[in-house]
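S.K.: Provided below for reference: sequence and predicted model.
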Amino acid sequence: MIDTKNETINERVDSLLSKMTIEEKVGQMNQYNGFWDVTGPVPEEGTAKTKFEHLKKGWVGSMLNVRGTENVKEVQRIAVEETRLGIPLIIGFDVIHGYKTLSPIPLAEAASWDLEAIEKSARIAAIEASASGINWTFAPMVDISRDARWGRVMEGAGEDPYLGSKIAKARVKGFQGDDLSKNNTIAACAKHFAAYGFSESGKEYNTVDIGTSTLHNLVLPPFKAAVDSDVKTIMNSFNELNGVPVTASKYLQRDILKEKWGFNGFVISDWASINEIISWGHAENKREAAKLASTAGSDMDMEGYVYVRELAKLVEDGVIKEEILDDAVRRILRVKFELGLFDDPYKYCDEENEKQNIGNKSHHDAVLDVAKKSIVLLKNKNNLLPLKKKGQKIALIGPLADEKNSPLGSWRLGSDDNTAISVLEGMQQYKENTLVFEKGLDLVEGNTAFTQQVNINNTDRSKIKEAIAAAKNADVVVMVLGEHGFQSGEGRSRTELDLPGLQQELLEEVYKANKNIVLVLNNGRPLTIEWADANIPTIVEAWQLGSQSGNAIANVLYGDYNPSGKLPMTFPRNVGQVPIYYNYKSTGRPNKESHVFWSHYIDSENTPLYPFGHGLSYTSFEYSNFKIHGEKFSINDEIKVTVDLKNSGEYDGKEVVQLYIRDLFGSTTRPVRELKGFELVPLKKGESKTIEFKLTRKELGFFDNQGNYIVEPGKFKVFVGGSSTTKLELDFELTE
Ligand code: NOJ
């Protein structure tokens, strides 16, 4: 090992770089998948033999999907002890919502609007992953998406760039902590750069064709927030943007990310995305793909075999400059130094630490806490919830009610199958009621992470009659329906957003027997549940909540936790409305008319089923005394806005107070509402509080079509309330 301890990181990087051959530099830019888990199509060249040979030559800078101290130690040993320069590997893994102990899926966590809880959840994920030898997570995914058909909405923070930016920050902080050189902090990776969430028709890996206004105002802000939070890496994406596969986009990676924003970490390609520049029809062969991607600023090739095969030759032939390699390698080495890998390459490989710090009680307590906070009460007619704790006959029905696998959600390779607390187990803790369970429908066998065969029964009706019988005898029916955890996530786009399989039929049959139904939804994306909304009195959005799922749900159903979540994504009435989102533009014909010539559908409302920001509580909240302090404001002023909030109901509870603005006339048109502030406010029954927001340049401006941030004088509206459809509004005007 090279002794470089007394120099600064940049000096150490430069001194190491000066000793490296071109092949060794290319090696740092090459990442291989490990030998166990696979999270993408296996390229032909991906044999273990080749990988080991390359490792020994120092042609590998990083590995992904190697986990467990023993395995990590082995590959690290080869890199450190068998190669000429002994440069340690950086070990990446998809730690998306926990490692062994699983938090709710990220979309669910976003529904908590609780930045502290979200940061803590990422912290725990980092503690567990690092104890298992991992020092780099491919998270957070910060893709904004408005299309619930896209399976990966479960991995992000929903549709809004303001909420998305706050959550990006919290997650980066949680993973990276205050000091990256500790052995329980890991490098984060904001992904997928950029615009992957806008895949046309919600179809995975598809074309993206968005305008500059959408790019700058919606797509980029959460990435910028991650960069401002010192995120160490960025992953590019599988999509093209306006005709250029983003892996080859100089505009995104060099001009915006590295130059304009000053990002000094490194960019990793997505799985073989450099290779895919060829399938997109933008490069003719690997040599050209390597040239395009490296010049554009993709620093590391994930399992693509393109850089390792082509880059050295391209430099030797004078097609690309060695400085391109130097820049990439500097960035990669810097992160390795910051992680402390040169000081101790085995620092994440302590077996004792691995035994003690994975899956312990305090981690389960924390994921239970954030799971409860992620639940959204969509509807609660006649206050069917909370359930009475004594003397009730409860029928628990549904194919997901006793599920211990599905609630773990997609992306959880580091965890163990069938380890979630099921709703059945959660409800069994409340022993003073009678609980009867009927599945109603079975799951289709073979629901696994990467197979196509993922469904809920759509042929066998034989168990429906038992469910009906149980419902007839019950005071209250709790039905757990939705999507299996593997029906969303990568490669899981859908054209329908209804309850898969025969679940709708089951719901309607049970409803005929007993109308007192609490519908608990488990799903990874907004669903179209118009019939349920019209008929079922109470609906609880419980997503896929991770290891403690059933406990969190039971606690909410029985009122031991008063729900406080708010939707981070709009729920459509039907698929035809998608993409649907709260921050839409007015159009030239926004108003309802008696004729047909206005912006609407003839077969559906324009409004969503449940809007962004919606979520009820067992208590009620009253807003009053909404004020803007001052009368005239210039674009550099700080505008103070206050509102009084009272818990006017019967329970202690929490409200997410949301502030939206509308810039009425702009040099480019502005959305009808834009979230610009929120506060999660706990209030005891009967208690009141004045909530204060500040509006400054940061909140009042937007990006023009050149990507410049501007604030324009003119008329504004400001709205405050418990959802994006709040009616409380005031006007103000900004002067120069
Ligand atoms: C492909 C996915 O798009 C990306 O998010 C993930 O990190 C990599 N595979 C590695 O598993």
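M.R.: Received it, and whenever you're ready, just let me know what you need.

S.K.: what about the strands in the stretch 251-400 of the chain?
M.R.: Along the stretch 251-400 of the chain, the segments classed as strands by DSSP state E, counting those that start in this stretch run 266-268, 301-302, 376-380, 393-397.

S.K.: can you check the stretch 551-700 of the chain too?
M.R.: Going by DSSP E, counting those that start in this stretch, the stretch 551-700 of the chain shows strands at 621-629, 633-634, 639-647, 653-663, 674-683, 688-695.

S.K.: with mean neighbour count and distance to the ligand added, can I get those strands in TSV?
M.R.: Glycine gets a C-beta too; all of them are placed from N, C-alpha and C. Output for the strands of the stretch 551-700 of the chain, formatted as TSV (neighbours: other Cβ atoms under 10 Å; distance: least, Cβ to the nearest ligand atom, whole Å):
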stretch	mean neighbour count	distance to the ligand
strand 621-629	14	38
strand 633-634	14	43
strand 639-647	18	39
strand 653-663	22	29
strand 674-683	19	26
strand 688-695	16	35
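
S.K.: closest one to Gln544 among the ones you listed?
M.R.: strand 653-663 (21.3 Å; Cβ to Cβ).

S.K.: need the CA coordinates for the closest one. PDB is fine.
M.R.: C-alpha atoms of strand 653-663 as PDB (Å, rounded to 0.1, in the frame of the first residue of the first chain):
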ATOM      1  CA  GLY A 653     -52.500  14.400  16.000                       C
ATOM      2  CA  LYS A 654     -50.200  15.900  13.400                       C
ATOM      3  CA  GLU A 655     -50.900  18.000  10.400                       C
ATOM      4  CA  VAL A 656     -48.700  18.800   7.500                       C
ATOM      5  CA  VAL A 657     -49.400  22.400   6.800                       C
ATOM      6  CA  GLN A 658     -48.600  23.100   3.200                       C
ATOM      7  CA  LEU A 659     -47.900  26.400   1.400                       C
ATOM      8  CA  TYR A 660     -48.400  26.900  -2.300                       C
ATOM      9  CA  ILE A 661     -47.900  29.900  -4.600                       C
ATOM     10  CA  ARG A 662     -49.100  30.900  -8.000                       C
ATOM     11  CA  ASP A 663     -47.200  33.400 -10.100                       C
END
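
S.K.: so which residues on the stretch 201-350 of the chain come close to the ligand?
M.R.: Contact residues, the stretch 201-350 of the chain versus the ligand (Cβ under 6 Å from any ligand atom): Asp270, Trp271.

S.K.: check contacts around the most centrally placed residue in the chain.
M.R.: Ranked by distance to the mean C-alpha position of the chain (Cα atoms, centre = their mean), the top residue is Gly156 at 2.0 Å. Gly156 is in contact with Pro106, Leu107, Ala110, Met141, Val142, Asp143, Ile144, Ser145, Gly164, Gly197, counting by Cβ atoms under 8 Å, 6 or more residues apart in numbering.

S.K.: for these, which one is nearest Val672?
M.R.: Ile144 (17.4 Å).

S.K.: give the buried residues for stretch 216-229.
M.R.: The neighbour-count check on stretch 216-229 (16 or more other Cβ atoms under 10 Å) flags 216-227, 229 as buried.

S.K.: put together a markdown table for these, with distance to Cys349, secondary structure and pLDDT on each row.
M.R.: Below are those laid out as a markdown table (distance: Cβ to Cβ, whole Å; DSSP: H, G, I helix; E, B strand; the rest coil; pLDDT from 0 to 100):
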| residue | distance to Cys349 | secondary structure | pLDDT |
| --- | --- | --- | --- |
| His216 | 43 | helix | 98 |
| Asn217 | 44 | helix | 98 |
| Leu218 | 41 | helix | 98 |
| Val219 | 38 | helix | 98 |
| Leu220 | 37 | helix | 98 |
| Pro221 | 37 | helix | 98 |
| Pro222 | 33 | helix | 98 |
| Phe223 | 32 | helix | 98 |
| Lys224 | 35 | helix | 98 |
| Ala225 | 32 | helix | 98 |
| Ala226 | 28 | helix | 98 |
| Val227 | 30 | helix | 98 |
| Ser229 | 27 | coil | 98 |
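
S.K.: sorry, back to before: to Lys347, which of the strands of the stretch 551-700 of the chain lies closest?
M.R.: That would be strand 674-683 among these, by Cβ to Cβ, at 36.2 Å.

S.K.: adding distance to Asp560, write the strands of the stretch 551-700 of the chain out as CSV.
M.R.: Output for those, formatted as CSV (distance: least, Cβ to Cβ, whole Å):
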stretch, distance to Asp560
strand 621-629, 20
strand 633-634, 45
strand 639-647, 18
strand 653-663, 13
strand 674-683, 16
strand 688-695, 24
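
S.K.: okay, those in TSV with mean pLDDT and distance to Val308 next?
M.R.: Formatted as TSV, the strands of the stretch 551-700 of the chain follow (pLDDT from 0 to 100; distance: least, Cβ to Cβ, whole Å):
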stretch	mean pLDDT	distance to Val308
strand 621-629	98	58
strand 633-634	96	57
strand 639-647	98	55
strand 653-663	98	48
strand 674-683	98	44
strand 688-695	98	51
